[in-house]
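>>> got a predicted structure plus its sequence, pasted below:
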Amino acid sequence: MDNGGSRERDYMLIVGAGKVGWNLTRELIDKGNEVTLIEADRERYLTVEQELEHRVLYGDASELWVLERAGIGRASMVIAVTGDDEDNLLICQVAKDKYGVDRVIARVNNPRNRQHFELLGVKPYVSATDLILRLIEREVPRYGLVHLLDLADAKIEIIDLLIGEHAPVVGKRVDELEMPKGSLLISVLRDGTGFVPTADTTLTAGDEVLAVLDPRVEDELTQYLGVDEGTAIDRTPS
Amino acid sequence: MLILIVGCGRVGSSLARTMLADGHQVSCLDEDPDSHARLELGLDSSWEDAGGQFTVGTGLELDALLTAGIEDADVFVASTNGDNTNIVIAQIAQLRFRVETVITRILDPYRAEWYEKQGLRTICPTRTAIEMLEHDLKEIAAARPQEAYDGG
């Protein structure tokens, strides 16, 4: 099983074959990477396996032998995107500290748990590619606002929020918006398609927008983009 | 000594009663309010009247940990029914709250071994069961005539 040290392509392990993991795997394979996706749910595994075949592995990546069977020893990157924060956290911790994987990316599902990732030294590694790949994510949240990414060191975060029906910005063009200082709209997801808004893009109710921002203006931005009242917003107290 | 036990199942609740009876302060944290009843098994009074503390919440919620008294705890026991939860909350207790003694129940022997090396004090019931069974089986095997190995 040992393929020796020198490899031309990166070998990546992705854990969790939800929408994020599956799409990410597909995209990374298309970009020429060698990828193995690990999924712990048998039903889900069988569904995904029809498309990805041998590139998806059935098992619980919390268990060390599953990671080893997936070849973690030669992985240059581990991306844990399951729906369970504890799993994501520990998989990345073990990848980094036990197996010496250089880069790990963990998905944080509940923003309240970000501090635990920080505490255990599991930090998301982010690149432009990741941002683009995240646009593919089509999990429309039950919450009005979802933190996709949090670059705590850089004091920048990316949030995903739904434009409410009665939001003051509905019907406004992007160049008419008065976005809080320190925030920027980076994409709009509408009818299943993601695009980068231009000055003449008009926002409509139901648009899901991604914004990059200074965490300090999060409240202001959320109010401005008008998440409907009564929508649960899960947010870490500052 | 204040002992904070997170996860009030069979193990946690039994431990809690014993340590309370020994005269220690015991605080329990569990996400299931019904687990309170387990604490009172065999007690003549309520858990609180007996001197115990009980908080509803998870070990990932800092507020719940604070309410349960983690800042004053001398010992932290992670005994929920999930290995991952135990490993995460034990590290929170150790790294964030600097609890002097942190003990973690980890069922998976391989991870128990690795986290032990990382400085977590772990109890692995699976490993204990394996060792006891091996010991018993070897004794049983040694007491039997060696018929299976004839002509080995």
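Everything's here; your move. Everything quoted here is computed from the prediction, not taken from an experiment. Numbers count the residues shown, from 1 in each chain, chains lettered A, B, ... in the order given.
>>> which residues are in contact with the most centrally placed residue in chain B?
Residue closest to the mean C-alpha point of chain B, counted by CA atoms, centre = their mean, is B:Ser79 at 3.4 Å. Applying CB atoms under 8 Å, 6 or more residues apart in numbering or on different chains, we find B:Ser79 in contact with B:Ile5, B:Val6, B:Gly7, B:Cys8, B:Gly9, B:Val11, B:Gly12, B:Leu15, B:Asn86, B:Arg105. C-betas here are computed from N, CA, C, even on glycine.
>>> contacting residues around the second one?
It stands for B:Val6. Residues in contact with B:Val6 (CB under 8 Å, 6+ apart) are B:Gly12, B:Cys28, B:Leu29, B:Asp30, B:Gly59, B:Ala68, B:Phe76, B:Val77, B:Ala78, B:Ser79, B:Thr80, B:Ile89.
>>> top of the residues you listed by neighbour count?
For the contacts of B:Val6, the largest number of neighbours (other CB atoms under 10 Å in any protein chain shown) sits with B:Ala78, at 30 neighbours.
>>> closest one of the contacts of B:Ser79 to chain A?
Of all these, B:Asn86 has the smallest distance to chain A: 9.5 Å, by CB to the nearest CB.
>>> wait, that closest one sits on B:Phe76?
No: under the criterion of CB atoms under 8 Å, B:Asn86 makes no contact with B:Phe76, lying 10.7 Å away.
>>> can you give the domain ranges for chain A?
The record's domain parsing of chain A by automatic domain parsing lists A:11-125, A:145-225.
>>> so which of these gets nearest chain B?
In terms of CB to the nearest CB, the element of the domains of chain A nearest to chain B is domain A:11-125, at 4.1 Å.
>>> okay, the residue nearest to the centre of chain B: pLDDT?
pLDDT recorded at B:Ser79 is 97.
>>> how far away is it from chain A?
16 Å (CB to the nearest CB, to the nearest Å).
>>> what parts of chain A come near chain B?
Within reach of chain B by CB under 8 Å from any CB of the partner chain, chain A has these residues: A:62-65, A:84-87, A:89-90, A:94, A:97-98, A:112-113, A:115-116, A:119-120.
>>> show me what contacts A:Lys181?
Contacts here follow CB under 8 Å, 6+ apart; on that basis A:Lys181 touches A:Val217.
>>> please report phi then psi for B:Ile5.
phi -110, psi 120 (degrees, to the nearest 10).
>>> ok, which stretches of the chain are helices?
Reading this off chain A. According to DSSP state H, chain A carries its helices in the segments A:19-30, A:42-52, A:64-69, A:85-97, A:114-119, A:128-136, A:218-225.
>>> that was the other one, I meant chain B.
Going by DSSP H, chain B shows helices at B:10-21, B:35-39, B:62-67, B:83-91, B:109-117, B:125-143.
>>> CSV for those, including distance to chain A and mean pLDDT?
Listed next are these as CSV, based on distance: least, CB to the nearest CB, whole Å; pLDDT from 0 to 100:
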stretch, distance to chain A, mean pLDDT
helix B:10-21, 18, 96
helix B:35-39, 19, 95
helix B:62-67, 8, 97
helix B:83-91, 4, 97
helix B:109-117, 5, 96
helix B:125-143, 12, 95
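>>> now, of those, which is deepest in the fold?
helix B:83-91 (a mean of 24; mean count of other CB atoms under 10 Å in any protein chain shown).
>>> so what does it touch, helix or strand wise?
On a contact count with 3 or more CB pairs under 8 Å, 6 or more residues apart in numbering or on different chains; DSSP states H and E, helix B:83-91 meets helix A:85-97, strand B:75-78, strand B:101-105, helix B:109-117.
>>> repeat that for 10 Å
Helix B:83-91 sits against helix A:85-97, helix A:114-119, strand B:2-6, strand B:75-78, strand B:101-105, helix B:109-117, strand B:121-123, with contacts defined as 3 or more CB pairs under 10 Å, 6 or more residues apart in numbering or on different chains; DSSP states H and E.
>>> ok, which of the ones you listed comes nearest B:Arg144?
helix B:109-117 (28.3 Å; CB to CB).
>>> who touches that closest one?
A:62-65, A:68, A:90, A:93-94, A:97-98, B:83-84, B:86-87, B:90-91, B:104-106, B:108, B:120-130 (CB atoms under 10 Å, 6 or more residues apart in numbering or on different chains).
>>> check contacts around residue 90.
If you meant another chain, say so; for now it's chain A. By CB under 10 Å, 6+ apart, A:Leu90 lies in contact with A:61-62, A:80, A:84, A:106, A:120, A:122, B:83-85, B:87-88, B:91, B:111, B:115.
>>> not quite, go with chain B.
B:6, B:59, B:76-78, B:99, B:102-106, B:115, B:120-122.
>>> at 8 Å instead, please
So B:Ala90 contacts B:Phe76, B:Ala78, B:Val102, B:Ile103, B:Thr104, B:Leu120 (CB under 8 Å, 6+ apart).
>>> same thing with A:Gly16?
A:Ile38, A:Glu39, A:Ala80, A:Val81, A:Thr82, A:Gly83, A:Asp87, A:Asn88, A:Arg107.
>>> give me the number of residues near the last one?
A count of nearby residues for A:Arg107, using other CB under 10 Å, gives 25.
>>> the first one now?
Residues near A:Ile38, counting by other CB under 10 Å, number 26.
>>> chain A: strands as residue ranges?
For chain A, strands defined by DSSP state E occupy the ranges A:11-15, A:34-39, A:56-58, A:77-80, A:103-106, A:145-151, A:156-162, A:183-190, A:193-195, A:208-213.
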